[in-house]
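Visitor: Next input, structure requested:
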Amino acid sequence: MATKDPREEGRSVGGPPQWTTREERVSAVEAAIQVAIRRGDFDDLPGAGKPLEGLDRPLEDDWWIRRKIETENLTGIAPPALALRVEHRAMAETLDLLAREEEVREHVADFNRRVRRARMQLEGGPPVVTPLLDADAEVAAWRERREAAAPPAPEPAQRRWWRRA
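Guide: Residues are numbered from 1 along each chain as shown. Here you go, the predicted structure:
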């Protein structure tokens, strides 16, 4: 008895099955889903029993990439104009992490350099509307926030007349 060539049955050798009609494809996919359900592949998935997020919002053209960025907490992949806007909003918190005035000035200078470069549109993307920062004003605000956050200094102990240092 001669063996049949798999290509005659609608399948390529060593590759995925090749269906000839849409109905064959739909029935094969449905059968695979039913087998996976019986195996329990869909049990205990994250978000099971919860409503789908964002069904009430209209979809934007790039909804899928925005959702991926949010769920994966990805950074550094936005166009420079958007990344600089986000960085500008968080500038006070970033500067508060720095310990010295020189570091604050260096960070502000680096930020301003990147804003100027993005304004030249060398990387493309949306227009840059992020303002440049004044280093002196940022240092003054940094000092004020540090002083406000610092615990009050203890009152100097009064010297006793019988203690001499």
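Visitor: now stretch 47-56: how far from the chain's centre is it?
Guide: With Cα atoms, centre = their mean, to the nearest Å as the basis, stretch 47-56 stands 21 Å off its chain's centre.
Visitor: Contacts for stretch 74-92, please.
Guide: Under the criterion Cβ atoms under 8 Å, 6 or more residues apart in numbering, residues 68-69, 94, 111, 114-115, 117-118, 123-131, 133, 138, 141, 145 lie in contact with stretch 74-92. No exception for glycine: its C-beta is placed from N, CA and C like everyone else's.
Visitor: Would you point out the helix or strand in the chain whose mean pLDDT is lowest?
Guide: Every helix and strand in the chain was compared by mean pLDDT, DSSP states H and E; the lowest is helix 63-72, with a mean of 76.
Visitor: So which bits of it are buried?
Guide: Of the residues in helix 63-72, none count as buried by neighbour count, 16 or more other Cβ atoms under 10 Å.
Visitor: For it, list the C-alpha coordinates in PDB.
Guide: What follows is helix 63-72, C-alpha atoms only, in PDB (Å, rounded to 0.1, in the frame of the first residue of the first chain):
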ATOM      1  CA  TRP A  63      -4.000  52.300  21.800                       C
ATOM      2  CA  TRP A  64      -2.200  49.000  21.900                       C
ATOM      3  CA  ILE A  65       1.300  50.600  22.200                       C
ATOM      4  CA  ARG A  66       0.100  53.000  24.900                       C
ATOM      5  CA  ARG A  67      -1.300  50.000  26.900                       C
ATOM      6  CA  LYS A  68       1.900  48.100  26.400                       C
ATOM      7  CA  ILE A  69       3.900  51.000  27.700                       C
ATOM      8  CA  GLU A  70       1.600  51.300  30.800                       C
ATOM      9  CA  THR A  71       1.400  47.600  31.600                       C
ATOM     10  CA  GLU A  72       5.200  47.000  31.100                       C
END
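Visitor: After it, which helix or strand is next? Please name it.
Guide: helix 80-89 (DSSP states H and E).
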